[in-house]
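Chemist: structure here, sequence nowhere to be found:
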Ligand SMILES: CC(C)(COP(=O)(O)OP(=O)(O)OC[C@H]1O[C@@H](n2cnc3c(N)ncnc32)[C@H](O)[C@@H]1OP(=O)(O)O)[C@@H](O)C(=O)NCCC(=O)NCCS
């Protein structure tokens, strides 16, 4: 499978660390920067709307009824347009659309169908693949499998996240972590000169840890931060090292590393433990926050013009489930 174009979209509303000081929940801007390394994040909600949520003057359902929460299809259209502007995409040739989000507009239908309808793609098979923050890697794994089996030739992968609409703004632990974004990847089974070849994909899980990160129906996101932190660092390293080793490569052979954008301090710790120098580490968590499954692929898209032919790119992600996975990409 070849990823021949990508696009990303970040909403315009900027939430800096000082904004959370004003919510009167004991949040400290310095604590966030020092412990998590996040300085800013983007939201589909305005700071005013978030303040109203914080003080219970409005709730998510009411904001949704007012049309104040940008839809998954609308966000996807923006990242799709960027992918279309970057590289020529013949949308009529796309036969499979895989959507994915942890924060859907509705339980039914699959976002892959709603997005396809919004973009006027009527002749595709649309469906969703979801695995919380590991979604993009799992989407690529599934699409690659379909292509290797000869079951599809041209595809599009969409992922959109809006965790800022599902956190409790009276909770300083979780409300400060997230940002919203969407990504699109155009993929083909045929070789394309300037594409990224998906050399290998790896997907793993440890289901007994499912309760450590949870977004219950109708409630707010919560996680066991300390337990998850240890898991996140060890599995980021394992996912990167395992995919390299089974392709007879070492970290020194790869030019670029991208991890799950949950916490900058965690990412730098994982990179140091693997011996990856700072100039090979790509990230956007500092000014975009934890964007769930869109973090790693939005970094991949933002740096699209930097990759040189022959470069290896390793993407290693971790997420609820518990899940982890990786992609080994090579620029053609
Ligand atoms: C979530 C995470 C940032 C929390 O960092 P931490 O160093 O573990 O911090 P803790 O939650 O133990 O909190 C330490 C103290 O800081 C406080 N604190 C938390 N948020 C704060 C904030 N915004 N401002 C000031 N203090 C804060 C806590 O309340 C706690 O104080 P207390 O003991 O008096 O209650 C970190 O654990 C993490 O990144 N975990 C991994 C997340 C991840 O990878 N998830 C993957 C799926 S998304």
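Modeler: Everything's here; your move. No experiment lies behind these values; they were computed from the predicted model shown. Residues are numbered from 1 along each chain as shown.
Chemist: who touches whatever residue of the chain ends up closest to the ligand in this structure?
Modeler: Nearest residue of the chain to the ligand: residue 225, at 2.9 Å (Cβ to the nearest ligand atom). Any C-beta I mention is one placed from the backbone N, CA and C, and that applies to glycine too. By Cβ atoms under 8 Å, 6 or more residues apart in numbering, the residues touching residue 225 are residue 173.
Chemist: residue 156 now?
Modeler: By Cβ under 8 Å, 6+ apart, the contact list for residue 156 reads 80, 94, 96, 97, 98, 121, 124, 184, 185, 186, 187.
Chemist: ditto for residue 288
Modeler: Going by Cβ under 8 Å, 6+ apart, residue 288 touches 10, 40, 41, 42, 179, 181, 261, 295, 298.
Chemist: beta-bridge partners for the third one, please?
Modeler: To tie it back to what came earlier, the one meant is residue 41. According to DSSP bridges, the partner residues bridging residue 41 are residue 15.
Chemist: which residues are in contact with it?
Modeler: By Cβ under 8 Å, 6+ apart, the contact set of residue 41 is 14, 15, 164, 178, 179, 180, 287, 288, 289, 290.
Chemist: residue 293 and residue 53, how far apart?
Modeler: Per Cβ to Cβ, to the nearest Å, residue 293 is found 23 Å from residue 53.
Chemist: okay, these two: which has more neighbours?
Modeler: residue 293 (30 against 23; other Cβ atoms under 10 Å).
Chemist: hang on, the more buried one packs against residue 99?
Modeler: No. Look at residue 293 against residue 99 with Cβ atoms under 8 Å: they stay out of range, at 11.1 Å.
Chemist: okay, and the common contacts of these two?
Modeler: Counting by Cβ under 8 Å, 6+ apart, the shared contacts of residue 293 and residue 99 are residue 159.
Chemist: now render the contacts of residue 41 as CSV, adding secondary structure and distance to residue 328.
Modeler: Below are those laid out as CSV (DSSP: H, G, I helix; E, B strand; the rest coil; distance: Cβ to Cβ, whole Å):
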residue, secondary structure, distance to residue 328
14, strand, 34
15, strand, 34
164, helix, 32
178, strand, 28
179, coil, 27
180, coil, 28
287, helix, 27
288, helix, 24
289, coil, 27
290, strand, 24
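Chemist: quick one: which of those is most hemmed in?
Modeler: Counting by other Cβ under 10 Å, top hit in these: residue 179 with 31 neighbours.
Chemist: so who does it touch?
Modeler: 10, 15, 40, 41, 42, 43, 163, 164, 288, 289, 290, 291.
Chemist: mind putting these into JSON lines with distance to residue 277 and pLDDT?
Modeler: Converted to JSON lines, the contacts of residue 179 look like this (distance: Cβ to Cβ, whole Å; pLDDT from 0 to 100):
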{"residue": "10", "distance to residue 277": "27", "pLDDT": "98"}
{"residue": "15", "distance to residue 277": "31", "pLDDT": "98"}
{"residue": "40", "distance to residue 277": "26", "pLDDT": "98"}
{"residue": "41", "distance to residue 277": "27", "pLDDT": "98"}
{"residue": "42", "distance to residue 277": "29", "pLDDT": "98"}
{"residue": "43", "distance to residue 277": "33", "pLDDT": "98"}
{"residue": "163", "distance to residue 277": "31", "pLDDT": "98"}
{"residue": "164", "distance to residue 277": "33", "pLDDT": "98"}
{"residue": "288", "distance to residue 277": "23", "pLDDT": "98"}
{"residue": "289", "distance to residue 277": "25", "pLDDT": "98"}
{"residue": "290", "distance to residue 277": "24", "pLDDT": "98"}
{"residue": "291", "distance to residue 277": "25", "pLDDT": "98"}
